[in-house]
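Novice: Sharing a model that was predicted from the sequence below.
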Amino acid sequence: MRLGIIAASLLIAVAAAAGHAQDADTIVVGITADLQNLDPHNFRHRETETVLRNIYDGLVTRGPDMQPVPELAESIVQIDETTWEFRLRRGVKFHDGTEMTARDVAFSINRYVKEGAMGGQTSPRKDLLGPVTHAEAVDDYTVRVYLSAPWSVFLPYLVHHMIVPASVGDGLVEHPIGTGPFRFVEWVRGSHVVLERFDDYYGGAPDLGRSGPAPAKRVIFRIIPENATRLAALMAGEIDIMANVPVHAIADIERHPDLELRPVMGTRSYFTEFNVRRPPFDDVRVRQALNYAIDVDLVIDQLLGGLGQPLPTILSPLSFGYNDELEPYPYDPERARQLLAEAGYPNGFEFELSVENKRRDVAEAYAFMLAQVGVTANIRVWGDYNTMVEAMRRGELDAIMTDWGDSTMDPTGIFIPKLRTGDRGNFGGYSNPAVDALIEFAESTTSLEARAEAYRYAQKLVYEDAPMLFEYITQELYAQRKSLSGWDPIPDSRINLHTAVKQ
């Protein structure tokens, strides 16, 4: 009996959440995955950040141009190479009515960077603050943040960090209390998150044209993993914004009189990572050959609806220090066969290509193209991404198709974890001492031009080493009802609803 009551209550909640899309005061967003948790310092997950960033504000934020601008901070001064000072806006209130002070900000920074600061846990976002050691309140409205070394991307990375009240203590956040435009109401796991407008909101970042409380009274994030179900909900008027529009749905959306497509260049690079620790991928000629064997332009045109751009390495063209003198590997099967023969594989070879189901169609296209140069790619589909990655990290797999997001648009976010020897995202075991040295120099110099030049040269070395099959960066596709305005998609996948309004 109790299970029946719970199930009935859940159905009522889902129906209520769907019905709210018809309400002019409510904005309903269809997202693909549930939240990891409600603690803004205890996750590494884009959908979680999308929801929580409507509840919490940070010292800085960013808009569609991806440049950091003050949010809770009123002014920002770099005192020296390792010390930053933030003057806070006065009168900012948390959702429980208490005023935010420098004590709360210092507490939040320290909660990120101190070991075991969250009930014995260390924040999984700690590395997103790099060399930050601690913060201290100078007075009620002044905070100083200290670093152990100069870090040129401090402000872009600070965008990811949200302020909680010091009253949280050393426990984990279960009921969010932020300073953002919407306050938390409820989270039904696997179903939806409900937020309501915070009428005492201070207004947000003025540089982004934000002022005063949000126009919408209520925001609901519905968790709808299936593409077809999410699209049907959009067309039926049950949701106002659809995240992660599949390419095959573009024509249906463009034909619908009440809908519009909202594309934006994404921050996620796609590539196939080789296990360079064992044959045949320990030979650079083999790795280069596979790059020549794949027609990336054709894949983008046929499988991505043309909504992508081939990459010469894994760095986005929008990134700081991008080397625009490098051209993506051209499709040249004859050159691929020549390199394979030089490497001792005149008749090709056979390997296992691991992939998640969502990219199986691309894997099958790659397998067909590789077969044209004598290489047999046996596709292995994994149901769990983390399990696949851990197997690759242990050196048990030949190659994996994967991707990496770089929301800061700086090499620090992707080049270091993926290409520095032994770093956390370097699953294939790539190691080049010259690349490591260039990264170390780039991350320690205070000269932006010297830093950019170091990364440009590092890209050239990586291009020649070809530790991956370099693929593409795609556009992120959103769709919305035309009755919605005041919202723009942003490359880092956030859905900021501070100024969104329905007509």
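Specialist: Arrived safely, thanks for sending.

Novice: which SS class is Gly237?
Specialist: Three-state call for Gly237 (DSSP: H, G, I helix; E, B strand; the rest coil): coil.

Novice: actually Val381, sorry about that
Specialist: Classification of Val381 by three-state DSSP places it in strand.

Novice: The chain should start at 513 in everything you say after this.
Specialist: Understood, numbering begins at 513; the last thing we discussed is Val893.

Novice: burial of it, as a residue count?
Specialist: Applying other Cβ atoms under 10 Å, we find 14 residues neighbouring Val893. (Each C-beta comes from the backbone N, C-alpha and C, glycine too.)

Novice: what sits against it?
Specialist: Residues near Val893 by Cβ atoms under 8 Å, 6 or more residues apart in numbering: Val867, Glu868, Asn869, Arg872.

Novice: roughly how far apart are the third one and Leu950?
Specialist: If I follow you right, that is Asn869. According to Cβ to Cβ, to the nearest Å, Asn869 stands 37 Å off from Leu950.

Novice: quick one, which of the two is more surrounded?
Specialist: Using other Cβ under 10 Å, the more surrounded residue of Asn869 and Leu950 is Leu950, with 25 against 10.

Novice: Helix or strand: which one has the more buried one?
Specialist: helix 945-956 (DSSP states H and E).

Novice: and the helix or strand following that helix, average pLDDT?
Specialist: Of the helices and strands lying after helix 945-956 in sequence (DSSP H and E), the nearest is helix 960-977. Mean pLDDT, computed over helix 960-977, is 96.

Novice: in stretch 862-882, what counts as buried?
Specialist: Phe863, Leu865, Ser866, Val867, Glu868, Arg871, Val874, Ala875, Ala877, Tyr878, Met881, Leu882 (16 or more other Cβ atoms under 10 Å).

Novice: Make sure the third one is actually in contact with Ala911.
Specialist: Going back to what we said before, that points to Ser866. Yes. Contact status for Ser866 versus Ala911: in contact at 6.8 Å, counting by Cβ atoms under 8 Å.

Novice: any idea which helix or strand of the protein has the worst average confidence?
Specialist: None of the helices or strands of the chain scores lower by mean pLDDT, DSSP states H and E than helix 514-531, at a mean of 42.

Novice: From Gly937, how far off is the most centrally placed residue in the chain?
Specialist: In the chain, the residue lying closest to the centroid (Cα atoms, centre = their mean) is Gly917, at 4.6 Å. Noted for Gly917: a distance of 11 Å to Gly937, by Cβ to Cβ.

Novice: just Gly609 next, same as before
Specialist: Using Cβ to Cβ, one obtains 42 Å as the distance from Gly609 to Gly937.

Novice: more crowded one of those two?
Specialist: Using other Cβ under 10 Å as the criterion, Gly609 and Gly937 rank with Gly937 on top: 16 against 8.

Novice: correct me, but Asp537 touches Ile732?
Specialist: No. Counting by Cβ under 8 Å, Asp537 does not reach Ile732; the two are 11.3 Å apart.

Novice: Neighbour count for those two, which is higher?
Specialist: Each of Asp537 and Ile732 has its neighbours counted (other Cβ under 10 Å); Ile732 has more, 25 against 12.

Novice: for the more buried one, which residues make a bridge with it?
Specialist: Val540, Val706 (DSSP bridges).

Novice: Average pLDDT for the longest strand anywhere in the chain, rounded please.
Specialist: In the chain, assigned by DSSP state E, the strand with the most residues is strand 771-786. Across strand 771-786, the average pLDDT comes to 93.

Novice: do the same with stretch 799-807
Specialist: 98.

Novice: how about the helices of the stretch 513-662 of the chain, start to end?
Specialist: Remark: helices assigned in the stretch 513-662 of the chain by DSSP state H, counting those that start in this stretch are 514-531, 558-564, 614-625.

Novice: Ignore what I typed, I meant the stretch 663-812 of the chain.
Specialist: So, for the stretch 663-812 of the chain - with DSSP H, counting those that start in this stretch - the helices run 666-670, 739-747, 762-767, 796-805, 808-815.
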